[in-house]
Every structure is written in C-alpha cells, then in structure tokens.
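In: just the structure for this:
(one chain, ligands or ions: 1)
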Amino acid sequence: MERAEALLLCREKIEEELLSLRERFNNSRLDRKSVQQYEKEDRHNHHVVSHYNNFNGKKKIQDCEDALGRMAKGLFGICINCNNEILSERLIAFPTAKRCVRCQAVHEKKKKGVLN
Ligand SMILES: [Zn+2]
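Out: This is a model prediction of the structure:
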C-alpha cells in the first residue's frame, strides 16, 4: 500500500472513531492537568469504574484529536521520539500511534518502571 493511501485510510478510521466516541461520551475536553489528576486517582481508586470509563473515552477522543492535529501539521505517522516514519501497517492497525514500535516498547517499559 502507498504511504499516502495508508494515511488517508488512517484519517478515515480516526474520524469514524471520533464520531462514535463523541456520541458515547460528552464532548468536553480534558486539559493535561486533569489527565494527570485522573491518572493519579485511577491508581488509588479501583472502584470508580464508570468514572474511569468516561475518562478513558475522553482520553481516546483526545488521542484522535491529537492525531488529526498532527495530520494537519504534516507530522502524522512520524514517531514523536525518534522522528522516524511509523510503519504503515502499524498505523492502519493503530491509527493514533505516536511512536514507532521500538520507541513504544521502550516507553512501555519505562512506564512499568523496568527501565529508568
Ligand atoms: Zn521511534
């Protein structure tokens, strides 16, 4: 598949996802501060499931909006860590991916505290 074709497909997928997310969750934006706050709360409160689902939905909305924003700037499909192109196959499977497979693996290890 051509790169341009893959990017177009991603755009369609993201817009579709965004539409269905907005139907399910209200359209309010999360600023970065409240994202961190929610993540902190999430670690301590395991019982707030509906709250968390709602948050998760909003976070997905934000991911989609971010992806469209990167598209508008011509940065979509570029890894935010190493600036290499993210493989088309990965983007099609996971259109809101911000990192290439290698950087994502490192990122997840760091998040789990394996690397530091
Ligand atoms: Zn990378």
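In: how about the residues of this protein by the ion?
Out: Residues of the chain lying close to the ion (C-beta under 5 Å from the ion) are 79, 81-82, 100, 103. Where C-beta positions appear, they are placed from N, C-alpha and C, glycine not excepted.
In: tell me which two in those are the farthest apart.
Out: Maximum pairwise distance among the residues of the chain next to the ion (C-beta to C-beta): 7.5 Å, between Asn81 and Cys100.
In: tell me which of those two has more neighbours.
Out: Neighbour count, other C-beta atoms under 10 Å: between Asn81 and Cys100, Cys100 has more, with 21 against 14.
In: got the contact list for that one?
Out: Cys100 is in contact with 79, 81-82, 84-87, 90, counting by C-beta atoms under 8 Å, 6 or more residues apart in numbering.
In: who wins on neighbours among those?
Out: Within those, most neighbours by other C-beta under 10 Å means Ile86, with 21 neighbours.
In: so that residue touches Leu75, yeah?
Out: No. Taking contacts as C-beta atoms under 8 Å, Ile86 lies outside contact range of Leu75: 10.8 Å.
In: one step back: pull up the overlap in contacts between Asn81 and Cys100.
Out: When contacts are counted by C-beta under 8 Å, 6+ apart, the set common to Asn81 and Cys100 is empty.
In: among the contacts of Cys100, which are in strands?
Out: Judged by DSSP state E, strands contain none of the contacts of Cys100.
In: next, count neighbours for Thr78.
Out: Actually, residue 78 is Ile. It isn't Thr. 17.
In: ignore what I typed, I meant Leu19.
Out: By other C-beta under 10 Å, the residues close to Leu19 number 10.
In: could I get the host helix or strand of Leu8 in CSV with only the CA atoms?
Out: Taking DSSP states H and E as the criterion, Leu8 maps to helix 3-24. C-alpha atoms of helix 3-24 as CSV (Å, rounded to 0.1, in the frame of the first residue of the first chain):
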residue,chain,number,x,y,z
ARG,A,3,2.1,5.7,2.1
ALA,A,4,-0.5,8.4,1.1
GLU,A,5,-3.2,5.8,0.7
ALA,A,6,-2.4,4.4,4.2
LEU,A,7,-2.5,7.9,5.7
LEU,A,8,-5.9,8.5,4.1
LEU,A,9,-7.2,5.3,5.5
CYS,A,10,-6.0,6.3,8.9
ARG,A,11,-7.7,9.6,8.7
GLU,A,12,-11.0,7.9,7.8
LYS,A,13,-10.6,5.5,10.7
ILE,A,14,-9.8,8.3,13.2
GLU,A,15,-12.7,10.4,12.0
GLU,A,16,-15.1,7.5,12.3
GLU,A,17,-13.7,6.6,15.7
LEU,A,18,-14.0,10.2,16.9
LEU,A,19,-17.6,10.4,15.7
SER,A,20,-18.7,7.3,17.6
LEU,A,21,-16.7,8.3,20.7
ARG,A,22,-18.4,11.7,20.8
GLU,A,23,-21.7,10.0,20.6
ARG,A,24,-20.9,7.9,23.6
